[in-house]
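Peer 1: Got a predicted model here, sequence first, then my questions.
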There are 2 protein chains.
Amino acid sequence: MPVTITDIAREAGVTPSTVSRALNGRYGISAAVRERVLAAARNLNYKPNLVARGLVTGRSQSLGLLVSDIRNPFFAEVARGAEDEANAAGYDVVLCNSDLDAGKQMAYFRSLLSKRVAGVLMNSVAALNQRQLQEIREAAIPVVTLTASGRHRFLSTVICDNFRGGYLAGEYLARLGHRRVAHLTSLRRHPVLAERARGFAKGLQSVSRDAELLIFRGPHNSRGGYEMAHRAMAAAPGITAIFAANDAVAFGAMKAIFEAGLRVPDDISLIGFDDVELAAIVHPPLTTIRQPGYEMGRAAVEILLRQADREGVLPEHRIFDVELIERQSCRALQESPAVGCRQGR
Amino acid sequence: MPVTITDIAREAGVTPSTVSRALNGRYGISAAVRERVLAAARNLNYKPNLVARGLVTGRSQSLGLLVSDIRNPFFAEVARGAEDEANAAGYDVVLCNSDLDAGKQMAYFRSLLSKRVAGVLMNSVAALNQRQLQEIREAAIPVVTLTASGRHRFLSTVICDNFRGGYLAGEYLARLGHRRVAHLTSLRRHPVLAERARGFAKGLQSVSRDAELLIFRGPHNSRGGYEMAHRAMAAAPGITAIFAANDAVAFGAMKAIFEAGLRVPDDISLIGFDDVELAAIVHPPLTTIRQPGYEMGRAAVEILLRQADREGVLPEHRIFDVELIERQSCRALQESPAVGCRQGR
DNA sequence: CTGAAAGCGCTAACAG
DNA sequence: CTGTTAGCGCTTTCAG
């Protein structure tokens, strides 16, 4: 029942091709006819059928957004940036949640391919094996990931400087006098978290060669942070500071610290990563490393769109700066660390 | 360049229609031929073109998700539920952020229509005028909103019992002995928030006729909560409890309360709405009214899908139960409220 | 500047 | 059970 360009052609007394030209603002059409066509379209309340157009042009004016879970506030931030940028260019974005499951991720990727999306933004390819990566490469559509992927030369990347973020955190904590610190990070082989950890160790060492770093691994969310912090406090009572691999983990750790009867930052200093909105809201406000999720989402779509038109373009790489946001979850240690007091509790 | 059913027809020595039948698992095809076709498809690494299929079938196997901002954790929860349910049915969801701007919302709606989505999940229609609502009605595709919309008989709704949620909060606070309470809610005419406010007032009164309720209005986010709480404490120093219209507002209020040198719940009890993940994580853990966002997202898509096939079906309405999640942000008041002490600060 | 014709990749009658 | 024939709604040569 929907009205088609044929209907409006009849109404305006022209042919469908003329209607198409008028509607698309093409050259080579008289202003008079264009007006007549546009008026007819308005009268009939015409809605273009983009799937028909997509069939003939081969493009679908949409992008895939394949994240592990949109409930992760950082991904929501990225998604919003991506959607804004896509929308400005007349594209829309289809949302997929992979839970970092390789099978799900590939199933979604194939489905997006079938929908003829112009490109896809994938938060990570860490879970994929060689064959799966090969499949993505052969799809020959632009793909950008939020994971450093030096080995996969066909992927574009948008990341923040994770090493530097970790470094800033380590340096900061060490400068405050912390010498026995824990890092709460992910279980799985995860390139970006690995970079943060590496940077953190370097940052600590840049200030103090004898700083002691304990690594704890667990799920990459607030629940995981809660558990890891409990384990950290049990296993290493003397720690005076914790670097959480992201803010969600930090929030969980904060809860665990409170429940252990300790205080942030008085007993344990805490620093996160991401700078999600709530970081400024919790008590105490969380010192953290800011990475610009919204901008990263925009940049990713910008790259996708640039590559969508051309053929065989080279992947692009964009690294965003990070920034230490100093709030109130870290404190400077006295000369003689009050380890005894804390243990006395 | 992509391989089409014609290619695989040639390869398998049959016609395209046979290929179509084999691929779609239709009846009336011999097992032998089907196998041959499937094998050819595999060999050629065939990827079906869903936009072509969409053109002929008229359906696009996708749904629109039109929320004000995916960064709102409640919407992220809804989105995840919606996406899971859609994916299970072979649909995908295209994400749009309207910022509650009526113009943007309609632009997105039209764009979704042009993409021939099977239905759309819209978080609110509160910002829309009569003409715009009319336009949505005339689009004649299933639409479900997360806003009570008694007046708009063509819309399906999935909501929680907002009145009851407010009521539970009011009753709870009044039972704890609070008699002078503030409610932090939205500036704009917002049906679901209005219901919460109405329920809250009734809940208070159900316990105590002389309870005093002060309403503050502001932006519907943590920043707004922060500002409203500051205004509330300045304007009404005697309040002993605050009901925030959602958790984000509650988090903002919590921060304001701390900054004013007061404590939750010792000086001011605080209760939120939604039960987002962080509610359990903040300190003190936030007592709140839980609404099941994930399930609501699933239910909305369930309705959309049910209506997508049939013609002229009636809208459906689904109301979810709410639940008081008692954590540690509220406390019982002594017989004689210690108003003097608090004011003395 | 406009019309006629062909076709994007797929499905769906209708025959056989 | 399989092939033939028409399109879905739109864009895009190619003529005129």
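Peer 2: Structure's in. What do you need?

Peer 1: tell me which parts of the stretch 1-150 of chain A are close to DNA strand C?
Peer 2: Taking C-beta under 7 Å from any atom of the strand as the measure of proximity, the stretch 1-150 of chain A contacts DNA strand C at A:13-18, A:21, A:27-30, A:32-34, A:55-56, A:58. Heads up, the C-betas are built off the backbone N, CA and C, glycines and all.

Peer 1: could you redo the last one with a cut-off of 10 Å?
Peer 2: Where proximity means C-beta under 10 Å from any atom of the strand, the interface of the stretch 1-150 of chain A facing DNA strand C comprises A:9, A:12-22, A:26-34, A:36-37, A:51-58, A:114, A:116.

Peer 1: Just the buried residues of those.
Peer 2: With neighbours counted by 16 or more other C-beta atoms under 10 Å in any protein chain shown, those contain buried members at A:9, A:12, A:14, A:18-19, A:21-22, A:33-34, A:36-37, A:51-55, A:114, A:116.

Peer 1: Make sure I have this right: residue A:332 is in a helix.
Peer 2: No - remark: residue A:332 does not belong to a helix; assigned using DSSP: H, G, I helix; E, B strand; the rest coil, it is coil.

Peer 1: need the contact list for the closest residue to it other than its chain neighbours.
Peer 2: The shortest distance from residue A:332 to any non-neighbouring residue, by C-beta to C-beta, 6 or more residues apart in numbering or on different chains, is to residue A:176 (4.5 Å). Residues in contact with residue A:176, defined by C-beta atoms under 8 Å, 6 or more residues apart in numbering or on different chains, are A:241, A:269, A:330-333.

Peer 1: Whichever of the residues you listed end up buried, select them in ChimeraX.
Peer 2: Buried members of the contacts of residue A:176, identified by 16+ other C-beta under 10 Å, are gathered into one ChimeraX selection as follows:
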select /A:241,269,330,331,333
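
Peer 1: mind putting the contacts of residue A:176 in CSV, distance to residue A:66 and pLDDT included?
Peer 2: Rendered in CSV, the data for the contacts of residue A:176 read as follows (distance: C-beta to C-beta, whole Å; pLDDT from 0 to 100):
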residue, distance to residue A:66, pLDDT
A:241, 35, 98
A:269, 36, 98
A:330, 35, 98
A:331, 41, 97
A:332, 43, 96
A:333, 43, 90
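
Peer 1: so which pair among the contacts of residue A:176 is furthest apart in space?
Peer 2: Greatest spacing in the contacts of residue A:176, by C-beta to C-beta: A:241 and A:332 (10.7 Å).

Peer 1: which SS state does the residue nearest to residue A:84 when sequence neighbours are not counted fall under?
Peer 2: Spatial nearest neighbour of residue A:84, excluding adjacent residues (C-beta to C-beta, 6+ apart): residue A:298 at 6.6 Å. Three-state assignment for residue A:298 (three-state DSSP): helix.

Peer 1: hang on, isn't residue A:298 packed against residue A:82?
Peer 2: Yes - contact criterion C-beta atoms under 8 Å: residue A:298 and residue A:82 qualify, at 6.8 Å.

Peer 1: Of the two, which one has the most company?
Peer 2: residue A:82 (31 against 21; other C-beta atoms under 10 Å in any protein chain shown).

Peer 1: Measure how buried the closest residue in space to the more buried one that isn't next to it in sequence is and give me the count.
Peer 2: The shortest distance from residue A:82 to any residue that is not its chain neighbour, by C-beta to C-beta, 6+ apart, is 3.7 Å, and that residue is residue A:297. A count of nearby residues for residue A:297, using other C-beta under 10 Å, gives 27.

Peer 1: so who does the residue lying closest to residue A:37 once chain neighbours are set aside touch?
Peer 2: Of all residues beyond its chain neighbours, the one nearest residue A:37 is residue A:22 (3.9 Å), with distances taken as C-beta to C-beta, 6+ apart. Contacts for residue A:22 were tallied using C-beta under 8 Å, 6+ apart; they are A:29, A:33-34, A:37-38.
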